[in-house]
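Peer 1: My questions concern the predicted model and sequence given below.
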Amino acid sequence: MSKNKEIHKELKALNSQWKQSESRTFSTIPDGDYIVKIIEMGVEPSSKSGRMQVVTTFKVADGKMKGNEVKKFDGLSSENNMAFFKGFCEILGIEIPEDLTDLPEVLDEFVAGNKSLINIKITEKDGYPNIRVKGLSEYEDDSDDSDDSDDSNDSDDSDNDNKKKKNKNDNDDDDNQEEEEEDEEEDEKEEDEEEKPKKKKKKK
């Protein structure tokens with residue numbers, strides 16, 4: 001049996017609890033320590049217990065720890081766990097499916113289209129990060145996964161733009177110089193024309 005079929009079977013067995021559970025939010029934390037973005041959400045069995053869980057991977061989007069990742073685990077093995085996870089979904093704006101077997105697809109679609117950043121607080125407990133979600137950040141994610149390459153490209157683009165501006169300015173200076181030279185030539189011609197009739201008068 002494939003992994004997807006096993007997950008589907010496990011989720012189907014938990015369907016009745018899923019439908020009966022009500023959404024429940026986490027305790028509100030006054031100050032979030034990090035602004036993060038979600039880069040992955042998926043349903044998989046726990047490596048220790050084998051119970052089904054949702055694994056959410058956050059990536060720090062700002063500050064000294066920018067780029068570091070941390071994972072949040074939400075169990076689906078009990079109605080209480082499901083209630084907290086539904087509350088988490090409501091905070092993020094994830095449409096909660098009626099059928100639990102649709103959850104993996106819903107999470108994939110959400111991550112693919114999500115631009116919202118999230119305020120979280122991380123506290124270590126028994127050697128593991130305990131993540132509390134405060135809510136959506138006022139900021140939105142305007143980057144992509146290749147931050148380093150983007151920075152490099154931005155730098156290259158900036159250099160190219162500067163070169164183009166310099167070339168344009170040089171061309172403008174050349175044009176101005178040519179115009180000035182043309183003006184000088186015209187002035188000289190006018191002076192020559194003025195001198196010619198004066199010379200003719202002297203000859204008379």
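Peer 2: Arrived safely. Numbers count the residues shown, from 1 in each chain.
Peer 1: what about the nearest residue in space to residue 33 that is not next to it in sequence, distance to residue 139?
Peer 2: Excluding its sequence neighbours, the residue lying closest to residue 33 (CB to CB, 6 or more residues apart in numbering) is residue 121, at 5.1 Å. Placement of C-beta: from N, CA and C, glycine included. The gap separating residue 121 from residue 139 is 17 Å, by CB to CB, to the nearest Å.
Peer 1: With residue 17 instead?
Peer 2: 36 Å.
Peer 1: do the same with residue 45
Peer 2: 34 Å.
Peer 1: ok, now residue 133?
Peer 2: Taking CB to CB, one finds residue 133 at 16 Å from residue 139.
Peer 1: same check, this time on residue 115
Peer 2: On the measure of CB to CB, residue 115 and residue 139 end up 10 Å apart.
Peer 1: Ok, residue 100 next?
Peer 2: Counting by CB to CB, the gap from residue 100 to residue 139 is 32 Å.
Peer 1: the more surrounded of those two?
Peer 2: residue 100 (24 against 15; other CB atoms under 10 Å).
Peer 1: Isn't that one up against residue 12?
Peer 2: Yes - using CB atoms under 8 Å, residue 100 is in contact with residue 12, at 7.4 Å.
Peer 1: show me where the protein has helices.
Peer 2: 3-13, 15-20, 79-92, 103-113, 147-203 (DSSP state H).
Peer 1: if you average pLDDT over each of these, which comes out lowest?
Peer 2: Of all the helices of the chain, mean pLDDT reaches its minimum on helix 147-203 (a mean of 49).
Peer 1: per the record, what domains does the chain have?
Peer 2: 3-143, 146-204 (automatic domain parsing).
Peer 1: need the contact list for residue 72.
Peer 2: With contact taken as CB atoms under 8 Å, 6 or more residues apart in numbering, residue 72 is in contact with 55, 56, 58, 131, 133.
Peer 1: partners of it in the sheet?
Peer 2: Here residue 72 sits in beta bridges with residue 56, going by DSSP bridges.
Peer 1: Same check on residue 38?
Peer 2: Going by DSSP bridges, residue 38 forms beta bridges with residue 58.
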